[in-house]
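> Please work out how this folds:
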Amino acid sequence: MSPTNIYDSRGLARALDTAAAWTLALLWALPLLYAVWTAFHPSEFSTRFSLTAPLTLENFRAAWNAAPFARYLVNTVLLVTMVLAGQLVLCTLAAYAFAKYDFPGKGILFALVLMQLMIMPDVLVVENYRTMSAIGVLDSTLAIGLPYMASAFGIFLLRQTFKSIPKELDEAAAVEGASTLQILWKVYVPLGKPVYLAYALVSISYHWNNFLWPLIVTNTTNSRPLTVGLQVFSSTEQGVDWSIITAATLMTSGPLLIGFLLFQRQFVQSFMRAGIK
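Okay, the predicted model is just below:
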């Protein structure tokens, strides 16, 4: 094959890849574009497109008044903050122990941690509900977040990160008189900041959008997060108004979209630098 043919074939392959990428991106964005259009226009324009359609914020006002969104938002922020804080502490300590210490049963314990990655959380709904009921925390933010405090993915990700840090840094810090916790806090945690950021974004996104477990374990608006609160718009008594539904959906997913747009570069770079080996 001549160099010209090779160049032409590569250019064609690149053009096909680009076209496929744009097609997939458009297909992914169409539901979001429809939601934005419908939320900012009167309900009569939810099924037809017109450049002269008037803009309105009435759908957002109606959605806000149809449910206690302020309370749901506070509950959701408290939930993701509590879960993330617990995960960072527990996963950091467990990952440091697995990465830097040798103790009896280490391999078996780590295998049990990895087994959690193969178990879907929905499988444990019944047992988790029984546990929350036994300790008396049903219908609370604690009940929603407690089963997720120990994350196998977080332990695995941080363990791989800590194992890549040279042991000479431990020895240098120990010579300076640093204790074990000081070494962890001043050496390992700063070097793992990109991984912590990536994991935090994944954790926040998952628990912000989690629906099944919060729906089962909560009964009142005092503890329901945003995703469960959205079910009020699917009730048959109110009918289906897509303008209000899309407005409520945008209010629910808006903070996540804004956060991802602001930190998307750090998010991608964090996973690239994590280097799961």
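> List the contacts of residue 147.
121, 124, 128, 131-132, 213 (CB atoms under 8 Å, 6 or more residues apart in numbering). All C-beta atoms are positioned from the backbone trio N, CA, C, and that covers glycine.
> Would you agree residue 227 is in contact with residue 207?
No. Counting by CB atoms under 8 Å, no contact exists between residue 227 and residue 207, whose distance comes to 9.6 Å.
> Between those two, point out the one with more neighbours.
When neighbours are counted by other CB atoms under 10 Å, residue 207 comes out ahead of the other of residue 227 and residue 207, with 23 against 19.
> and stretch 45-54, C-alpha only, in PDB?
Taking C-alpha atoms only, stretch 45-54 is exported to PDB below (Å, rounded to 0.1, in the frame of the first residue of the first chain):
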ATOM      1  CA  PHE A  45     -45.000  23.900  23.500                       C
ATOM      2  CA  SER A  46     -43.900  20.700  25.200                       C
ATOM      3  CA  THR A  47     -44.600  18.700  22.000                       C
ATOM      4  CA  ARG A  48     -43.900  21.200  19.300                       C
ATOM      5  CA  PHE A  49     -40.900  23.400  18.500                       C
ATOM      6  CA  SER A  50     -41.400  27.100  17.600                       C
ATOM      7  CA  LEU A  51     -38.800  29.900  17.500                       C
ATOM      8  CA  THR A  52     -41.500  32.300  18.600                       C
ATOM      9  CA  ALA A  53     -42.500  30.400  21.700                       C
ATOM     10  CA  PRO A  54     -42.400  32.700  24.800                       C
END
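> neighbouring contacts of it?
Outside of stretch 45-54, the residues within contact range by CB under 8 Å, 6+ apart are 37-38, 41-42, 242-243, 246.
> Let's see that with 7 Å instead.
38, 41-42, 242-243 (CB atoms under 7 Å, 6 or more residues apart in numbering).
> Among these, which one sits closest to residue 192?
Nearest to residue 192 among the contacts of stretch 45-54, counting by CB to CB, is residue 38 at 42.4 Å.
> So which bits of the host helix or strand of the closest one are buried?
In the assignment (DSSP states H and E), residue 38 maps to helix 3-39. Neighbour counts over helix 3-39 (16 or more other CB atoms under 10 Å) mark 35, 38-39 as buried.
> okay, now residue 180: neighbour count?
Other residues close to residue 180 by other CB under 10 Å number 13.
> Now for the protein, the helix or strand with the poorest mean pLDDT.
One helix or strand of the chain scores below all others by mean pLDDT, DSSP states H and E: helix 242-274, with a mean of 76.
> For that one, enumerate the helices and strands it packs against.
helix 3-39, helix 58-66, helix 193-209 (3 or more CB pairs under 7 Å, 6 or more residues apart in numbering; DSSP states H and E).
> Make CSV from the ones you listed and add mean pLDDT and distance to residue 77 to it.
Below are those laid out as CSV (pLDDT from 0 to 100; distance: least, CB to CB, whole Å):
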stretch, mean pLDDT, distance to residue 77
helix 3-39, 80, 22
helix 58-66, 86, 17
helix 193-209, 88, 9
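> So which of those helices is nearest residue 109?
Across the helices and strands packed on helix 242-274 (criterion: CB to CB), the nearest stretch is helix 193-209, sitting at 20.7 Å.
> in the closest one, what counts as buried?
Residues of helix 193-209 classed as buried by neighbour count (16+ other CB under 10 Å): 194-204, 207-208.
> Pick the one among those residues closest to residue 71.
For these, the nearest to residue 71 is residue 208 (15.7 Å; CB to CB).
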